[in-house]
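S.K.: structure for this input, please:
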Amino acid sequence: MRMIFAALAATTILAGAAQATTVYPLDRATILAGSPFDFKVELSKQVKPEDVKITVNGQDYKKALGGEAKFVELEKGKDDKALGSAAILRGLTIAAPGDYKVEVSAGDEKKSVTWNVYGTGDAPKAKNVIFLIGDGLSVAHRTAARIMSKGMTEGKANGRLNMDDVPPAAFIGTSATNAVATDSANTMSAYMTGHKTAVNAIGVYADRTPDSLDDPRVETIAEAIRRQTKKSIGIVATAEIEDATPAAVVSHTRNRNDKADIVGMLLDVKPEVVLGGGSAYFLGKDVPGSKRKDDKDYIKLFQDAGYKLAIDRNELAANASAEGNLLGLFHTGNMDVTLDREFLKKGTVEKFPNQPGLVEMATVALDRLSKNPDGFFLMVEGSSIDKMSHPLDWDRAVVDTIEFDKVVGLAREFQKAHPDTLIVVTGDHTHGVSIIGTVDDEKPGTEMREKVGTYAEAGFPNYTDDNGDGYPDKIDVTRRLFLSANNGPDHYETFRPKLDGPFVPAVQNEKKEYVANEQYKDVPGAVFVQGNIPKSGDSGVHAVDDVVLQSDGPGSEGFRGYMEQSDVYKVLADAFALGVKQTN
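M.R.: Residues are numbered from 1 along each chain as shown. Purely as a prediction, here's the structure:
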């Protein structure tokens, strides 16, 4: 979405501005004992190396941290602007848990931060972790999915979602290091590293230099698993596999749009199973559809590394029980959403007619990963809950929530047979969406807003599921849920499902501002809705609300009350005892 690029531009401007002394990791950082990370000091002016003093718990940093930082006399930012001196020490580790106070002085510049280094239990609590993330999953998505899928009679749901029976464990704060608002990159990165970071950043602390790939790194969960265990790793998403959420399992960049580089980082870690969209970044630049700027053929490089390739539903099924690593790429971009892929056949389904669904991909991933006697970590993302909430296309977002819930059910069934499995169900951030009531086409008149039922006038929607597949037989029923957002651009509300394809609420005018898309202006009963975000935005934005985290299985007791997103990693690390080298 264009809002992501606007946020990235803002981050770049901030990165290029002169600031007071900054120390990375930031104050109150939590660091897994033995986990490699980069240490950096940024000074606001140019100094000599002998004028810089750095201590850790009162001891010279070189002795305390076991290495000497590279001194950069003058870092330069955007437009070659001088920023100040810097010192950086990469790949250091701290073995002993405890609090570490880092003090920096250079002339009249002083900075002090405290880190908490934490350990884990000596033995793993769980053999397997299944981390299920509904991108943008908000409470309204859950409620709407339950009503659409199960129905409601006399105020009581006629059935339960799979996620309804996963114990609620915690509320999770999602804010970034540089803003109260957030995106999928830094939120998932916090889950997967234990360090919060800036908007658009993954696996790094966002520093001030122009290069998005040189920022101070922190270890990802996939790297920690590789370093400490013999477990397998799986990544499944309906987005581009290089997109922010799946990328955060393995990647390091300040710019989530470094997707060509992220493919290389995937190959570095070599997850045993990688399934999703995004083949355009695997193809050399001369291949039609490629989005790379070089000639690297990453499909061949993955195959040379022992991966079997699947490009459609049939090939995925054929590889379900095969040995070795599996790369599944089912779309050049993001895969089509459930409503289009399985029912309406809209979007790009004609071009990619045989895409598997999230349940199919997760089933294959579980089958293959569970062959490892040492266990596995599997991340499954319901990507398009978010991708359809941005354009305010609530029906598509809710149907994708139902699909995501089916994966929760799949994981619960796996857990019954493998009780040593920890399941986590959560979102990375929320959207500003609520269910207001219903829209009843049978009410008299042509004004659609007069057909909106609130309070007692809402009644109940009349979705059906006669074939029992868990999805509504159709979404354009005569009395349907009315979802509305408080965070969008100018647009025309049609009060109807978008059967011809995903909603495009706003388009750019000659002033480069986003205005209501007049394609929907003449839909009978449509009303103009004035947006409340800047006109540089073409779609709904994320909300700052806490997300709900649910969990069951060994180690789930670690999730309680309010937690920062970075605290979730502590529980995952403890479940696998990642603070202890496992040799068996």
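S.K.: any weak-confidence spans in this structure?
M.R.: Scanning the chain for pLDDT under 70 picks out 1-19, 583-584.
S.K.: what segments of it are helices?
M.R.: In the chain, the helices defined using DSSP state H lie at 2-16, 61-65, 139-150, 184-193, 221-228, 244-247, 259-269, 298-304, 313-318, 338, 358-369, 384-389, 394-417, 565-575.
S.K.: may I have the longest one as PDB, with CA atoms only?
M.R.: The C-alpha atoms that make up helix 394-417 are tabulated as PDB, following Å, rounded to 0.1, in the frame of the first residue of the first chain:
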ATOM      1  CA  TRP A 394     -14.500  -6.200   4.800                       C
ATOM      2  CA  ASP A 395     -16.100  -9.200   3.200                       C
ATOM      3  CA  ARG A 396     -12.900 -10.400   1.700                       C
ATOM      4  CA  ALA A 397     -11.100  -9.800   5.000                       C
ATOM      5  CA  VAL A 398     -13.600 -11.700   7.000                       C
ATOM      6  CA  VAL A 399     -13.700 -14.700   4.600                       C
ATOM      7  CA  ASP A 400      -9.900 -14.800   5.000                       C
ATOM      8  CA  THR A 401     -10.300 -14.800   8.700                       C
ATOM      9  CA  ILE A 402     -12.500 -17.900   8.400                       C
ATOM     10  CA  GLU A 403      -9.700 -19.600   6.400                       C
ATOM     11  CA  PHE A 404      -7.200 -18.600   9.000                       C
ATOM     12  CA  ASP A 405      -9.400 -20.100  11.700                       C
ATOM     13  CA  LYS A 406      -9.400 -23.400   9.800                       C
ATOM     14  CA  VAL A 407      -5.600 -23.400  10.100                       C
ATOM     15  CA  VAL A 408      -6.100 -22.900  13.900                       C
ATOM     16  CA  GLY A 409      -8.300 -26.000  13.800                       C
ATOM     17  CA  LEU A 410      -5.600 -27.900  11.900                       C
ATOM     18  CA  ALA A 411      -3.000 -26.900  14.500                       C
ATOM     19  CA  ARG A 412      -5.300 -27.900  17.400                       C
ATOM     20  CA  GLU A 413      -5.800 -31.400  15.800                       C
ATOM     21  CA  PHE A 414      -2.100 -31.700  15.400                       C
ATOM     22  CA  GLN A 415      -1.600 -30.800  19.000                       C
ATOM     23  CA  LYS A 416      -4.000 -33.500  20.200                       C
ATOM     24  CA  ALA A 417      -1.700 -36.100  18.700                       C
END
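S.K.: helices or strands up against that helix?
M.R.: Here helix 394-417 touches strand 128-134, helix 139-150, helix 338, helix 358-369, strand 376-382, helix 384-389, strand 421-427, strand 479-485, going by 3 or more CB pairs under 8 Å, 6 or more residues apart in numbering; DSSP states H and E. Placement of C-beta: from N, CA and C, glycine included.
S.K.: select, out of the helices of the chain, the one closest to residue 375.
M.R.: Of all the helices of the chain, helix 358-369 sits nearest to residue 375, with 8.5 Å by CB to CB.
S.K.: counting by contacts, list what that closest one packs against.
M.R.: With 3+ CB pairs under 8 Å, 6+ apart as the test, helix 358-369 has strand 232-240, strand 273-277, helix 313-318, strand 325-329, strand 376-382, helix 394-417 packed against it.
S.K.: CA atoms of it as CSV?
M.R.: Output in CSV follows, covering the C-alpha atoms of helix 358-369 (Å, rounded to 0.1, in the frame of the first residue of the first chain):
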residue,chain,number,x,y,z
LEU,A,358,-3.7,-21.6,3.4
VAL,A,359,-5.0,-24.8,4.9
GLU,A,360,-3.5,-26.9,2.1
MET,A,361,-0.1,-25.2,2.6
ALA,A,362,-0.2,-25.6,6.3
THR,A,363,-1.2,-29.2,6.1
VAL,A,364,1.8,-30.0,3.9
ALA,A,365,4.1,-28.0,6.1
LEU,A,366,3.0,-29.9,9.2
ASP,A,367,3.4,-33.2,7.5
ARG,A,368,6.9,-32.6,6.3
LEU,A,369,8.2,-30.7,9.4
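S.K.: buried residues in that helix, which are they?
M.R.: Going by neighbour count (16 or more other CB atoms under 10 Å), the buried part of helix 358-369 is 358-366, 368-369.
S.K.: please apply the same query to stretch 562-578.
M.R.: Here stretch 562-578 shows 563-578 as buried, counting by 16+ other CB under 10 Å.
S.K.: likewise stretch 307-325?
M.R.: 307-313, 315-316, 319, 325.
S.K.: kindly report the same for stretch 493-500.
M.R.: Applying 16+ other CB under 10 Å to stretch 493-500 flags 493-498 as buried.
S.K.: against residue 237, how distant is the residue positioned nearest the centre of the chain?
M.R.: Nearest residue to the geometric centre of the chain (CA atoms, centre = their mean): residue 245, 2.9 Å. Noted for residue 245: a distance of 6 Å to residue 237, by CB to CB, to the nearest Å.
S.K.: shared neighbours, these two?
M.R.: Here residue 245 and residue 237 have 381, 383 as joint contacts, going by CB atoms under 8 Å, 6 or more residues apart in numbering.
S.K.: coming back round to it: spatially, which two of the buried residues of stretch 307-325 are the most separated?
M.R.: 313 and 325 (19.4 Å).
S.K.: can you pull out the strands in the stretch 401-550 of the chain?
M.R.: Counting by DSSP state E, counting those that start in this stretch, one finds strands in the stretch 401-550 of the chain at the ranges 421-427, 430-431, 433-440, 452-453, 479-485, 491-493, 506-508, 514-516, 527-529, 542-543, 547-552.
S.K.: residues contacting the fifth one, please?
M.R.: Applying CB under 8 Å, 6+ apart, the contact partners of strand 479-485 are 140, 144, 147-148, 389, 392, 394, 398, 431-442, 452-453, 459-463, 493, 495, 497, 540.
S.K.: now the buried members of those.
M.R.: Neighbour-count burial (16+ other CB under 10 Å) applied to the contacts of strand 479-485 gives 140, 144, 147-148, 389, 392, 394, 398, 431-433, 435, 437-440, 452-453, 461, 463, 493, 495, 497, 540.
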